[in-house]
Each structure stands twice: as C-alpha cells, then as structure tokens.
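Undergrad: Provided below are the primary sequence and the corresponding predicted coordinates.
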Amino acid sequence: MSSSPSDATAPDPRPYDALLLLSFGGPEGPDDVMPFLRNVTRGRGIPDERLAEVAQHYLRLGGVSPINEQCRRLLAAIRADFAAHGLDLPVYWGNRNWTPYLTDTLRQMAEDGVERAIVFVTSAYASYSGCRQYREDLAAAQAAVGERAPRCDKLRHYFNHPGFVEPMIDNTVAALRALPEDLRAGARLAFTTHSIPISWAETSGPEGGAYVAQHLEVARLVATGVQERTGVAHPWELVYQSRSGPPSQPWLEPDICDHLDALRSAGAAAVVIVPIGFVSDHLEVRYDLDTEALDHAAKLGLAATRAATVGVDPRFVAMIRELVLERAVAERGQPVARRAVGRLGPSHDVCPLDCCPNPWGHRPAAKA
Ligand SMILES: CC1=C(CCC(=O)O)c2cc3nc(cc4[nH]c(cc5[nH]c(cc1n2)c(C)c5CCC(=O)O)c(CCC(=O)O)c4C)C(CCC(=O)O)=C3C
Ligand SMILES: [Fe+2]
C-alpha cells in the first residue's frame, strides 16, 4: 500500500471497526402503517382510539414516515464527512420498529466481519425510550444473531454537545425572523419534547430526573444563544407533545396546545415552537407541531413559526465523527477531551446498571 501525506494524520477509530446508526424506524407505505404501529406498541396498553388516530397521521403523509428518508440522508452525510476527514469506518443502519431491522443489520455486520461497533442513536437525551430501550434492542439482536454478533458500544448522550445546540440556536433565530417583524421582539419561545410518563421521567438517568433536567438545560442554552445573537431575552418554557398512554397514567405536561391557549390568555402575540427533543423533522414534528399546533395557534390568532430540527446540519454530522473518535481514544486508555456546553458537563460513556429502568420489567441490555 502506498502512503500519502494524509495517512500520517488519518483519524484512528480503533478498537471500532464500524459505526451503527440506530433509529426508531417508520412505515414506508400505507400497508406498513398498522403492522408498524403494532410493533411499536406491543404490550404497551396504548388505547385503540389513540392507535387509530396515529394511523391517520401517517396516512395523511401517504403512509410514509419522514424518518426513513432522514436516516438515509444522515447516513449519506456521515459517510461523506468520514471520507472528507480520512476516517475509514464503514457505516451501517438499523431500526427498532421497521426495516431495515436492527437484527438483520447486525447479521450483515457479522457476515462482513465486523467485531466491535460504535453505536449512534437518533435520541439525544436520557430516558427508557431513548436510551435503555435501544440498548435492550441491541442485546436482543445480538442474541438472535448469535456468537458472531459484533460487540456494540452506545455513544454518550449528546444533548449538550455544541454540534447539537449551536444549529438549534441558528434554527431558532431563523424561525424568529420568519415572524412578522413587529411581533418578533415580543415572541415567546416554546421548547417542546416528547411527553413520557412522569414515573419514567423520575427514574431517567443515573440519579433520576435527567430527562427534564437535560431538556431544561438545552432550552436555557438555546434561549441564551438566541439572546446573544438578537439582543432580546425572549421568555421561554419547556412543554410537551405526542402523549399517548391511557388517561389514568400521568404524563409530563403541559401539552403544547394547552400552552398556546395559556400564552394567548396571557396576552402573547407570537411564539416560536422549538422541537429540541428531536433530531429530525419526523412525524411527531410534521404532524403534532406543523399541523396540530400551528393550526391551533392560527385559530387563536397567535402568530407562530416552528424552528427546524438539526437534521443533517454539518455541525451535527461532524459531532458524530467527533464522538466516535472521542470514545475510541477513551477505549484505548488515552487521555481525551470531551466537549459539552453549559452546566451539566459531558454525559457518562457507560450507563450505570439501574439507570432509565424498563417500566415493564427487566430485559438484558447492551452495556453502553
Ligand atoms: C421519548 C420518546 C421519543 C424521543 C426519543 C427518540 O427519538 O427515541 C420518541 C420518538 C419517536 N416516537 C415515534 C413514533 C411513535 N411513538 C409512539 C409511542 C411512544 N413514544 C414514546 C416516547 C418517545 N418517542 C413513548 C413513551 C410512547 C408510548 C409507547 C411506549 O411505551 O413506547 C408511537 C405509538 C403511537 C402513539 O401513541 O403515538 C409511535 C408511532 C417516532 C417515529 C416518528 C416517525 O415515524 O416519523 C419517533 C422518532
Ligand atoms: Fe440511560
């Protein structure tokens, strides 16, 4: 093999020999919608009326979830970024709930000779749904593939990485600029994330309460960043969306639409909705915010825009490379710099055994 000048500085991913992009999955056509929803909600006690309603949300988009196209774009962007930086690491994609299923991807990786993968999940925060459930999915897929299945290490939570926070500041500023100019300075910021049962929020992260604490920190960081850019301290709140469980179980509140009512009653004239809980404009963003919440705001006579999610922002894609190399250095036992903004500091590499517990009982989980 001939050596070129760049070989000397090529980033070293060892001990990893592949990156796995692990996501939620979504239907690819109308016939997929109900089987997909059954995959998501098996054993979850979600009322039938709620399922029928969510099926309609997918069918309005032709039965195709936007999340798959977004994963394909992210995959392509990661590959291009790795190539541009001389990082020679194959990238695979697998999902929890739809094709390409994680088990099939892991089997392919084993066939290709992958022994140790680093895993990036499309969820930035600590919670059962966004952390442990993915690690359980990995353990189940490894068990299904058998002895040859690659070892899989999940990357740390990235909610407070500048590659996630900085694009959201820009996107919020852009959404403010899309409001009528005379209403801009008085606009409120409504940061949204997926509601989860309060009991899960309480047990999220190593000490509990991490789900809400991490979101409040990102909301504060984005609001502060916006103020640095515009000179205006917009009042802000963290609110919730996409609640699904039975009414008997308390979930995090207030819901975004109730919050819009409250803003209107308090005399607000404009609001920017900022979906900090999500990394791409998937169904919960396109339907629950762009259709439901923006329609509701229009009915109230409240001027409203929605900030874009990070998607394939080059800073977000570069963050993935940075986190992979950071973890590789750490696994090789070398000193490592871990970037994080704000007060909470960089998250742990390996989740403690009891963090984000499974509300339905124990299932084996991949360690990190
Ligand atoms: C915290 C969290 C995230 C963010 C972190 C992450 O990204 O992982 C997230 C993301 C997503 N949730 C998604 C879709 C759904 N979530 C559901 C149901 C649920 N989500 C929950 C939590 C979360 N969900 C919970 C506690 C339930 C109750 C059922 C259960 O106990 O698990 C249901 C069932 C129907 C309903 O009731 O809504 C669907 C269809 C999609 C795909 C969208 C697309 O297709 O574009 C994505 C990215
Ligand atoms: Fe966790």
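TA: Received, thanks. Ligands and ions are numbered 1, 2, ... in the order given.
Undergrad: count of neighbours near residue 333?
TA: By other CB atoms under 10 Å, 7 other residues sit near residue 333. Placement of C-beta: from N, CA and C, glycine included.
Undergrad: that one belongs to a strand?
TA: No - if the criterion is DSSP: H, G, I helix; E, B strand; the rest coil, then residue 333 is coil and not within a strand.
Undergrad: just give me the residue closest to the centre of the protein.
TA: Nearest residue to the geometric centre of the chain (CA atoms, centre = their mean): residue 123, 2.7 Å.
Undergrad: quick one: contacts for that residue?
TA: Applying CB atoms under 8 Å, 6 or more residues apart in numbering, we find residue 123 in contact with 129-131, 134, 279.
Undergrad: pLDDT score for it?
TA: At residue 123, the model reports a pLDDT of 97.
Undergrad: likewise the one 4 residues further on?
TA: The model reports residue 127 with a pLDDT of 97.
Undergrad: what's it in contact with, if anything?
TA: Counting by CB under 8 Å, 6+ apart, residue 127 touches 196, 200-201, 204, 210-211, 356.
Undergrad: the residue lying closest to residue 255 once chain neighbours are set aside in helix, strand or coil?
TA: Distances taken as CB to CB, 6 or more residues apart in numbering put residue 240 closest to residue 255, at 5.9 Å, once the chain neighbours are dropped. Under three-state DSSP, residue 240 falls in the strand class.
Undergrad: quickly list what residue 240 is bridged to.
TA: Beta bridges link residue 240 to residue 193, residue 255 when assigned by DSSP bridges.
Undergrad: could you do residue 153 as well?
TA: Counting by DSSP bridges, residue 153 forms beta bridges with residue 118.
Undergrad: which residues touch the residue nearest to residue 255?
TA: Contact analysis of residue 240 by CB under 8 Å, 6+ apart lists 192-195, 251-256.
Undergrad: and residue 318, how far from residue 46?
TA: Counting by CB to CB, to the nearest Å, the gap from residue 318 to residue 46 is 37 Å.
Undergrad: I meant residue 77, not that one.
TA: Noted for residue 77: a distance of 33 Å to residue 46, by CB to CB.
Undergrad: what of residue 135?
TA: From residue 135 over to residue 46 the distance is 22 Å, taken as CB to CB.
Undergrad: compare these two (neighbour count), which wins?
TA: Neighbours per residue, other CB under 10 Å: of residue 135 and residue 46, the larger number sits with residue 135, 23 against 16.
Undergrad: assess the claim that the more buried one and residue 153 are in contact.
TA: No - with contacts defined as CB atoms under 8 Å, residue 135 does not count as touching residue 153, sitting 10.0 Å away.
Undergrad: skipping adjacent residues, who's closest to residue 107 in space?
TA: Here the residue nearest residue 107, using CB to CB, 6+ apart, is residue 145, at 5.0 Å.
Undergrad: okay, that neighbour: pLDDT?
TA: 98.
Undergrad: any idea which helix or strand carries the residue of the stretch 101-250 of the chain found nearest ligand 1?
TA: Using CB to the nearest ligand atom, residue 244 is the residue of the stretch 101-250 of the chain that sits closest to ligand 1, at 2.6 Å. Assessed by DSSP states H and E, residue 244 sits outside every helix and strand.
Undergrad: could you do the one 3 residues further on as well?
TA: Under the assignment given by DSSP H and E, residue 247 is not contained in any helix or strand.
Undergrad: run through the stretch 1-150 of the chain and note the low-pLDDT ranges.
TA: 1-8 (pLDDT under 70).
Undergrad: show me which residues of it sit near ligand 2.
TA: Neighbours of ligand 2 within the stretch 1-150 of the chain, by CB under 5 Å from the ion: 126, 131.
Undergrad: residue ranges of the helices in the stretch 1-150 of the chain, please?
TA: Assigned by DSSP state H, counting those that start in this stretch, the stretch 1-150 of the chain shows helices spanning 33-41, 48-60, 66-84, 102-111, 133-145.
Undergrad: what residues does the lengthiest helix in the chain touch?
TA: In the chain, with assignment by DSSP state H, the single longest helix is helix 210-230. Helix 210-230 is contacted by residues 125-127, 157, 159-160, 164-166, 168-169, 172-173, 176, 189, 191, 193, 196, 200-201, 204-205, 232-234, 236, 238, 252, 274, 276-277, 341-344, 355-356 when judged by CB under 8 Å, 6+ apart.
Undergrad: and the average pLDDT for it is what?
TA: Across helix 210-230, pLDDT averages out at 98.
Undergrad: rewinding a little: pretty sure the residue nearest to residue 107 contacts residue 102?
TA: No - when contacts are counted by CB under 8 Å, residue 145 is not listed as touching residue 102 (9.8 Å).
Undergrad: who's more crowded, these two?
TA: residue 102 (27 against 20).
Undergrad: wait, what's in contact with the residue of the stretch 101-250 of the chain closest to ligand 1?
TA: The neighbours of residue 244, taking CB under 8 Å, 6+ apart as the test, are 46, 50, 54.
Undergrad: switch the cut-off to 10 Å
TA: Applying CB atoms under 10 Å, 6 or more residues apart in numbering to residue 244 gives the contacts 40-41, 44-47, 50-51, 53-54, 194-197, 251.
Undergrad: give me the secondary structure label for whichever residue of the stretch 151-300 of the chain sits closest to ligand 2.
TA: Going by CB to the ion, ligand 2 is nearest to residue 205 of the stretch 151-300 of the chain, at 6.3 Å. Three-state assignment for residue 205 (three-state DSSP): coil.
Undergrad: distance of the nearest residue to it once chain neighbours are set aside relative to residue 259?
TA: Nearest residue to residue 205, sequence neighbours excluded (CB to CB, 6+ apart): residue 126, at 4.1 Å. Distance from residue 126 to residue 259, counting by CB to CB: 23 Å.
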